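Enquirer: My questions are about this predicted structure, shown below with the sequence.
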Amino acid sequence: MAADLEWPFGELHGLEADDIRETAYEIFFMACRSSPGWGRGALKFHPAMWNEPEPESTSSRTNGVGMAPSSRIKRALGLKMLNRSPSKKMTSGAGSPPNPQGAAAAARPKRPLTSAELMRQQMRVTEQSDNQLRKTLTRTHVGHIGRRADTIILPLELLRHLKPSDFSDSKGFHAWQKRQLKILEAGLLLHPSIPLGKSNVFADRLREIIQAGETKIIDLGKNSDTMRSLSNSVVSLSWRSANGAPTDVCHWADGFPLNIHLYVSLLKSIFDIRDETLVLDEVDELFELMKKTWSILEIRPRCLFIKVLPLVLTSIRGWSEKRLGNYHDYFEDGRTNLMENLLPLAVTAANILGDDLILARVTEQANGDAVTDTTVDHVDGYIRSSVKNAFAKIAGSGCQEREMDTRQDESERLIRHHPVATAVASVTLHSCYGLILKHHLASASALDNEIVKVLESAGKLEKVLAQMVVEDTIECDDGGKMIVREMIPYKVESTLSRFQQQWIDQRLKKGKDCLQRATESETWNPKSKANPHAESAEDLIKFAKETRDFQDYSAFVASCGSKKSYIPALPPLMRCRRESKFAKLCRKVTPCKVGIEDSRGCQMSESDRPHPSTSRGTQRLYIRLNTLHYLLEHLHSLDEMLSLSGHKHFGNKKHHNDCTSYFQNACSAIREACQHVSEVAAYRLTFVDSSHVFYNSLYVGEATSARIRPTLQTLKQNLSLLCAILIDQAQPLAIREVMKASFEAYLMVLLAGGNSRIFYRSDHRMIEEDFECLKQAFSISGEGLMSEDVVEKEAETVEKVVALMSQATDKLIQDVTVMIHKMDKNGAKDTRKTRSVPPTTEQWSVSDPNTTLRVLCHRNDHVANRFLKRTFQIGRDDSKGAKILCY
């Protein structure tokens, strides 16, 4: 991942990393040539030194490195000692000798690596290059005893003293010569510490020499004109000062960014070459030696910090924020741990660079305010940026909402660093989708199926995102109000209404224009011999065919799902948990007292009357019903107008009370839509809005203590709200569908209520009473809108099932056996000991064997339990949480 980290100090054109590394080592060696501990004989080079024996002594420990028991720098950085650094390796000489002399060399005593040896090893310098450097410095030192390192122009000295004969071939010498000239070009021409004037003779001459050396070896012998010209140019350019005054320091490697490149190359040597994530134990000694190059490279710690640190941090910040701001793509495939490590780095870099944030925190501390956690602000930005990028990528590839929801889940990676990470991601996604929705709607000229589908999808997405925001901000001090304000509503309902009004206005205008054209231009000439009628008539019929879209609109209103989506899945059939002896004793001691002490099983009191549980979604379904009846009403009026007009102009035409004469298809489609929407609203009200007091709680546990009274209280409140919202024409059908849904829910409680409901045979009296109360709730609701005959007709199935619950267990077993036998196609006697469970049709009936079998499954009876186990191999609920039912 770090391969594309931007180098903050600029590039050095014409110089490779190896060139910079070798030059850095040469400067380092020159600066440390006379330092204590720099290795034996560093400036007394001669080939025989490799063969001189070196006894173990105090001096050898002095010349070695890595002898300190601990490192001050590593201790300050919290790094552990490795105890395996290269200097711990023992060697027999200052390096590998060119010509070892057999056993004598092998017997030579070993010692730690010197500083020179360790540094050469860390910077990957060959022995040949090291020997050449030693020769040159020895010769230079002999002629300039006591000369400071910052007064020596090292590349020039190397070019003077090293000849082609010092290299193995001419190609190697040419590459070395080009490197030295390129270093002089970088330090004196391209990146000088003191800027050059517009015209400089020495600079021009130096450029010529460097260009000449690109293609061939330059003769730089001691007496050559090129060498004299090169020396004059380099010396003149190196010994300049900013004000023209004499200077005692030469400037050839201290220009930015050359000096930084060279010094960074030196700093890399403190890392173990075998594992670059580890720092050598000898870092203190090596760093002290590196300080000796500061005068040559013009490295001053304070200036370096001020100038270099912002560049480094800017590069780190840009690199890390590029990834964190698009973490959906960069940190996939289980690489979230990398993001966790990168986040503190990015936040720290941003905080150091952001002076305004630092000042703000100082002000907060001075005022005694709670200090703001800047991590949250940065993470907030990363989440928004990444969600936007991910959304743009998904939108560009034409993916679906489901994929957007999948991407949305990935924002939970930052949830530990942001209190409402999911809410921020949801709000951002809402905003991104809103922009696309706005653009799409702006290009739409009329209402069509595509616009309807887009708005429906937008409404669903908005509900999901809003719910995620609410759930994620529930613990916020302001309840999430601040972030919720960012969610600009899509206004799906109002947008649909606007398009509908536009459609109606367009149709009305088109109809008026059609009539106006006919009035002004109709000549009553036949259109053709085959069409002996006026042309305006065809225009009117064409318009009428276009306006038949009432059917399409009613289909749009009815597109609200299906009632089946609200009916809960049937739980698996289980045998009832057998009653214990203790339960039987309880039943004898505490007999059933239905109708005596629990006479309030279906009565209500004003003190505990609940509020309606009708959700906003169900209320919107009521508005759809009102809309459909509004269309029916106006179609009736339009039909009457057409009928009266026809009777007036064309004599006795039979007037139909129904609208079928002119709008038969449209009216039929609207009535079907009314039936469907009423069904969906009723099942949503019963199985979703009222589930907490109906299917999820009625008769759960001990049936006598979980009777129908709370259900009836909520039901009556919901029916009152229904009548308050729906217009009068829509109420009868809606209430009837609620009654049918309630009766079906009651049957599911008795037959498919799961293992939390257990009944005794004697419970049927209580159940009959409760169901009578449920019937009464619909008979008296809506001020007589539901007749008793209708209620009784819908209640027949429930009453027959309740009657089954009063039958003896043996009778139920016999009935099930007979019904299953009749289901056998051949009618032959089945001698099998076990049978398959009759299929569930979900059409509950006393003639359905599955219905009777379910009565047995919910009955707490030993005979029923044994029959179910032996005949159908139905398992038993042995959950520890099952309650003991007592009477």
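Expert: Received, thanks.
Enquirer: pull the CA atoms of stretch 509-525 into PDB?
Expert: Provided in PDB are the C-alpha atoms of stretch 509-525 (Å, rounded to 0.1, in the frame of the first residue of the first chain):
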ATOM      1  CA  LYS A 509     -56.400  21.200 -21.500                       C
ATOM      2  CA  LYS A 510     -56.000  18.600 -24.300                       C
ATOM      3  CA  GLY A 511     -59.800  17.900 -24.200                       C
ATOM      4  CA  LYS A 512     -60.600  21.600 -24.300                       C
ATOM      5  CA  ASP A 513     -58.200  22.200 -27.200                       C
ATOM      6  CA  CYS A 514     -59.700  19.300 -29.100                       C
ATOM      7  CA  LEU A 515     -63.200  20.700 -28.700                       C
ATOM      8  CA  GLN A 516     -62.000  24.200 -29.500                       C
ATOM      9  CA  ARG A 517     -60.400  23.000 -32.700                       C
ATOM     10  CA  ALA A 518     -63.500  21.100 -33.700                       C
ATOM     11  CA  THR A 519     -65.700  24.200 -33.000                       C
ATOM     12  CA  GLU A 520     -63.400  26.500 -35.000                       C
ATOM     13  CA  SER A 521     -62.400  24.400 -38.000                       C
ATOM     14  CA  GLU A 522     -64.800  21.500 -38.500                       C
ATOM     15  CA  THR A 523     -66.400  21.700 -42.000                       C
ATOM     16  CA  TRP A 524     -68.400  18.500 -41.600                       C
ATOM     17  CA  ASN A 525     -66.800  17.000 -44.700                       C
END
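Enquirer: Mind listing what's buried along that stretch?
Expert: Using 16 or more other CB atoms under 10 Å as the test for burial, stretch 509-525 gives Cys514. Quick note: C-beta positions are derived from backbone N, CA and C, even for glycine.
Enquirer: go on, stretch 675-689?
Expert: Under 16+ other CB under 10 Å, the buried positions of stretch 675-689 are 676-689.
Enquirer: Show the average pLDDT along it.
Expert: Mean pLDDT, computed over stretch 675-689, is 93.
Enquirer: Ok, stretch 204-220 next?
Expert: 93.
Enquirer: So Tyr695 sits against Tyr746, correct?
Expert: No - using CB atoms under 8 Å, Tyr695 makes no contact with Tyr746, being 9.0 Å away.
Enquirer: Save the buried residues of stretch 675-689 as a markdown table, and put in secondary structure too.
Expert: Below are those laid out as a markdown table (DSSP: H, G, I helix; E, B strand; the rest coil):
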| residue | secondary structure |
| --- | --- |
| His676 | helix |
| Val677 | helix |
| Ser678 | helix |
| Glu679 | helix |
| Val680 | helix |
| Ala681 | helix |
| Ala682 | helix |
| Tyr683 | helix |
| Arg684 | helix |
| Leu685 | helix |
| Thr686 | helix |
| Phe687 | helix |
| Val688 | helix |
| Asp689 | helix |
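Enquirer: separation between Trp844 and Val738?
Expert: 19 Å (CB to CB, to the nearest Å).
Enquirer: before we move on, what about Ser233?
Expert: Ser233 is 101 Å from Val738, by CB to CB.
Enquirer: With Ile474 instead?
Expert: 32 Å.
Enquirer: neighbour-wise, which of the two wins?
Expert: It is Val738, of Ile474 and Val738, that has more neighbours when counted by other CB atoms under 10 Å, with 26 against 11.
Enquirer: Excluding chain neighbours, what is closest to that one?
Expert: Distance criterion CB to CB, 6 or more residues apart in numbering; nearest residue to Val738, sequence neighbours excluded, is Ala682 at 4.4 Å.
Enquirer: With Ala808 instead?
Expert: Spatially, and ignoring its direct neighbours in sequence, Ala808 is nearest to Arg761 (7.2 Å; CB to CB, 6+ apart).
Enquirer: follow-up on the earlier one: so Tyr695 and Tyr746 - more neighbours on which side?
Expert: A side-by-side neighbour count of Tyr695 and Tyr746, using other CB under 10 Å, places Tyr746 first with 25 against 22.
Enquirer: residues contacting Ala203?
Expert: Contact analysis of Ala203 by CB atoms under 8 Å, 6 or more residues apart in numbering lists 188-189, 196, 233, 237.
Enquirer: Highest neighbour count among those?
Expert: Of the contacts of Ala203, with other CB under 10 Å as the count, Leu188 tops at 30 neighbours.
Enquirer: distance of that one from His161?
Expert: 20 Å.
Enquirer: Surely Lys80 touches Leu278?
Expert: No - applying CB under 8 Å as the test, Lys80 and Leu278 come out as separate, 9.5 Å apart.
Enquirer: The two: which has the busier surroundings?
Expert: Neighbours per residue, other CB under 10 Å: of Lys80 and Leu278, the larger number sits with Leu278, 16 against 11.
Enquirer: mind listing what the more buried one touches?
Expert: 82, 271-272.
Enquirer: again, only using 6 Å
Expert: The contact partners of Leu278, taken as CB atoms under 6 Å, 6 or more residues apart in numbering, are Asp272.
Enquirer: Per-residue pLDDT of it, please?
Expert: pLDDT at Leu278 comes out at 87.
Enquirer: gap between it and Asp272?
Expert: In terms of CB to CB, Leu278 sits 4 Å off from Asp272.
Enquirer: next one: Ala730
Expert: Counting by CB to CB, the gap from Ala730 to Asp272 is 82 Å.
Enquirer: quick one, which of the two is more surrounded?
Expert: Using other CB under 10 Å as the criterion, Ala730 and Asp272 rank with Ala730 on top: 24 against 16.
Enquirer: pretty sure that one is touching His629, no?
Expert: Yes - with contacts counted by CB atoms under 6 Å, Ala730 reaches His629, the gap being 5.0 Å.
Enquirer: How many neighbouring residues does Ala673 have?
Expert: Around Ala673 there are 25 residues (other CB under 10 Å).
Enquirer: contacting residues for it?
Expert: By CB under 6 Å, 6+ apart, the neighbours of Ala673 are 554, 557-558, 628.
Enquirer: export those residues to a markdown table and tack on neighbour count?
Expert: Shown next, in a markdown table, are those (neighbours: other CB atoms under 10 Å):
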| residue | neighbour count |
| --- | --- |
| Ser554 | 25 |
| Val557 | 19 |
| Ala558 | 19 |
| Leu628 | 26 |
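Enquirer: Quick check: helices, which of those residues are part of them?
Expert: Among the contacts of Ala673, the ones falling in helices (DSSP state H) are 554, 557, 628.
Enquirer: Adding distance to Met574 and pLDDT as columns, could you present the residues you listed in TSV?
Expert: What follows is the ones in helices among the contacts of Ala673, written out as TSV (distance: CB to CB, whole Å; pLDDT from 0 to 100):
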residue	distance to Met574	pLDDT
Ser554	45	74
Val557	42	76
Leu628	43	85
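Enquirer: ok, back up a step: the residue nearest to Val738 and Ile623, how far apart?
Expert: In terms of CB to CB, Ala682 sits 15 Å off from Ile623.
Enquirer: What of Tyr327?
Expert: 42 Å.
Enquirer: which one of these two has more residues nearby?
Expert: Tyr327 (26 against 14).
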